[in-house]
Structures are given as C-alpha cells and as structure tokens.
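Q: here are the coordinates; sequence isn't available:
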C-alpha cells in the first residue's frame, strides 16, 4: 500500500523533473563499450579483449545511425599500437581526426612520433 | 516506519523544491564571464590527483569523465592515450602532471582547456554509522591559451542515496535506483558511484555547473 503510493509519487515527481527545468537532453553519441573498456585498460587488462569489444561495437553504432563518441577511434588505435598493428592504428587516428577536427593537433603529434620511431 | 513517512514527505516536497529551484537558487551564482568569453571547444582531462586511500580511484574517475563532458558538447581527448603520453614523457604522478605549464599542454594536446580533477573521497566512508560508499571529487577548468580558470565545481555521490533520499533529494533517489541496478551486476561497487559523482560534477545544465559546449544544441543558450 504505502510502497505503491510511494512508487506513484516517485513516478510523478520524476516526470515533473524531466519536464520541469529543461527538456530531456538528447544523447549526442552511441557510447557502447568505450568507457568500460577504457577502465579495463587502466586496470591492466591486455589489449586483445578491449579491441574485440570496440571492433564489435563499431557496426552496432553505425547500424543505430549514431556517432562514436570523442576518443573512441583514438583509443582503439592506441590499443592496436600496443599489439604492434601500426597500420590499423594510423587508420583509427585518421578516423578520429575526420570525426573530430578538434583532435587534429594531438593526432598529428602522435602520428609524427610513430613515423619517427618506426619505419612505415 | 518513520523513515518511510519521511521519505514520502520528501517525495511530495521535492518536486516543488525542484521547480522553485529553476528560478531561485540558494548558492551564489557562478561568474561565467571568463568561461563564456573563452568559448572552449576541446578539453584535455588530466589524470586526477588522488587524496583517497584507494589506488584505483583516479582511473575509475578518469574512465568516466568523457561521457558527461562529451554529451555536454565538448571534444574530450582520449583519456587513456593522454595518460600514456604523459608517462612516455616521464610524468608518472598526477601532481607532476598538474604542474605542467598550460602552454606546454596546449602545444602537445592542442586542446582549448584542461580539466584538473582532485578526488577527495573514494570508497567506504568512516563518517557515517553505516558502511557507505562515497565518492567526492572537485574539478577546475583552465583556459590553455591564457592559464585563466574558467570554472570550478565539486560533487559527491553516495551508496546511502539508495536507502533514503534525505541527502540528494529527489534526483538523488532517482540516481540511486539506477546505481542499485548497476551494483547488482558488478563486484566493484565504488566504480558506479564514481560514475554518478562524475556525472554530477561535469554534466552541463546543472546550477553552477559546466556550460554547454559547441557540439550541443544548447550551446550559448545559457
């Protein structure tokens, strides 16, 4: 009894919150596994599993007509570099630049270092 | 029983408080003039300074700051790659990284602004009777062209919010319901609390919070 009333009150209040101050914000990006995979990486997980997840999620993002969030392609490229796949790394960094021109300076900085370090 | 009565009362009062909250606020309004003039579009988040005893805290928070900032309309540099760049340049502690000049940061990362995060609490709290998980973090947004501070804020989240909503009000209760679900499916109970704290700290559209960035439809409407 009490609980159902509480639930109703909470429900009504929730809709008041969503419509009250501002309209419900729209999501700009399809995040999928990006943040959890960044956390896995930080916790020391080997790159193969995060690479598999991020690769699997890319077509999911496209299928939803969405956009990968800032950093998604750059992070995937970074994981590729950890497994020696520098060609794929470069491609992901270029994708990051294409989607987010704001990343150009940093991506170019990284690419320049790659070219200096390893023969392409 | 008392708790339930109180919760019910709080639920009834909360919408009114929130509605009123739109128009009139208690805390002094933040001065956004420098923020609005600087118009930052991209943000590099530096590895957080950790003042909690939990070693995992900075990575837990750093892994969850991209969402609120990017959804607010900013380009957020890839946090793990940025962390690695610092390491490769011999900067392994957050304190050292926070001491790097803004000019140098701008030169390497090409970002308009840097976010300096400090974690105060992460994990079990000793200050309450129950064993609650609490995460508190503060942040400063700094213009990398001028070195001027554009914004600062502090936010907290607690596992106690799922037990009663006296602290976080109605929003806290709603967040807590979501957190409870997440906790049921993970062993790392502090991580989702850190996610809520990050969201509260950095989501745009909150009172005295971050402004919307250029990639948001709400940009320059505040």
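A: Cool, the structure landed. What you see is a predicted model, and the numbers here were worked out from it, not measured in a lab.
Q: quick check, residue A:35 in a helix?
A: Yes: checked against DSSP: H, G, I helix; E, B strand; the rest coil, residue A:35 lies within a helix.
Q: that one contacts residue B:68, correct?
A: No: between residue A:35 and residue B:68 there is no contact under C-beta atoms under 8 Å: 10.6 Å. C-beta here means a position set from N, CA and C on the backbone, and glycine is covered the same way.
Q: now do the strands in chain B.
A: All strands of chain B, identified by DSSP state E, fall at B:42-45, B:49-50, B:75-76, B:113-124, B:133-143, B:149-158.
Q: among those, which comes closest to residue A:77?
A: strand B:75-76 (15.7 Å; C-beta to C-beta).
Q: dump the strands of chain B to JSON lines, plus distance to chain A.
A: JSON lines is the format used below for the strands of chain B (distance: least, C-beta to the nearest C-beta, whole Å):
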{"stretch": "strand B:42-45", "distance to chain A": "4"}
{"stretch": "strand B:49-50", "distance to chain A": "13"}
{"stretch": "strand B:75-76", "distance to chain A": "4"}
{"stretch": "strand B:113-124", "distance to chain A": "11"}
{"stretch": "strand B:133-143", "distance to chain A": "14"}
{"stretch": "strand B:149-158", "distance to chain A": "16"}
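Q: mean neighbour count and mean pLDDT added to these, as JSON lines?
A: Below are the strands of chain B laid out as JSON lines (neighbours: other C-beta atoms under 10 Å in any protein chain shown; pLDDT from 0 to 100):
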{"stretch": "strand B:42-45", "mean neighbour count": "26", "mean pLDDT": "98"}
{"stretch": "strand B:49-50", "mean neighbour count": "20", "mean pLDDT": "98"}
{"stretch": "strand B:75-76", "mean neighbour count": "26", "mean pLDDT": "98"}
{"stretch": "strand B:113-124", "mean neighbour count": "22", "mean pLDDT": "94"}
{"stretch": "strand B:133-143", "mean neighbour count": "23", "mean pLDDT": "95"}
{"stretch": "strand B:149-158", "mean neighbour count": "19", "mean pLDDT": "96"}
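Q: so which of the ones you listed comes closest to residue B:205?
A: Ranking the strands of chain B by proximity to residue B:205 (C-beta to C-beta) places strand B:149-158 first, at 12.9 Å.
Q: and the angle for the closest one with strand B:113-124?
A: Per axes from the mean of the first three to the mean of the last three C-alpha atoms, to 10 degrees, the angle that strand B:149-158 makes with strand B:113-124 is 20 degrees.
Q: per-residue pLDDT, residue B:24?
A: Residue B:24 is assigned 49 on the pLDDT scale.
Q: so what's the residue of chain B found nearest chain A closest to, chain neighbours aside?
A: Closest contact between chain B and chain A, by C-beta to the nearest C-beta, is at residue B:110 (2.4 Å). Of all residues not flanking residue B:110 in the chain, residue A:105 sits nearest, at 2.4 Å (C-beta to C-beta, 6 or more residues apart in numbering or on different chains).
Q: just to revisit the earlier point, which one of the strands of chain B lies nearest to residue A:76?
A: Taking C-beta to C-beta, strand B:75-76 is the member of the strands of chain B nearest to residue A:76, at 15.4 Å.
Q: show me where pLDDT drops low in the chain?
A: In the absence of a named chain, chain A is used. Residues of chain A meeting the criterion pLDDT under 70: A:1-25, A:115-120.
Q: wait, chain B
A: B:1-25, B:125-131, B:162-187.
Q: stretch B:56-76: how far from the chain's middle?
A: 8 Å (C-alpha atoms, centre = their mean, to the nearest Å).
Q: how about it: buried residues?
A: B:56-76 (16 or more other C-beta atoms under 10 Å in any protein chain shown).
Q: which of the helices or strands spans the closest residue to chain B within chain A?
A: As assessed by C-beta to the nearest C-beta, chain B sits closest to residue A:105 within chain A, at 2.4 Å. For residue A:105, the element it lies in under DSSP states H and E is helix A:104-117.
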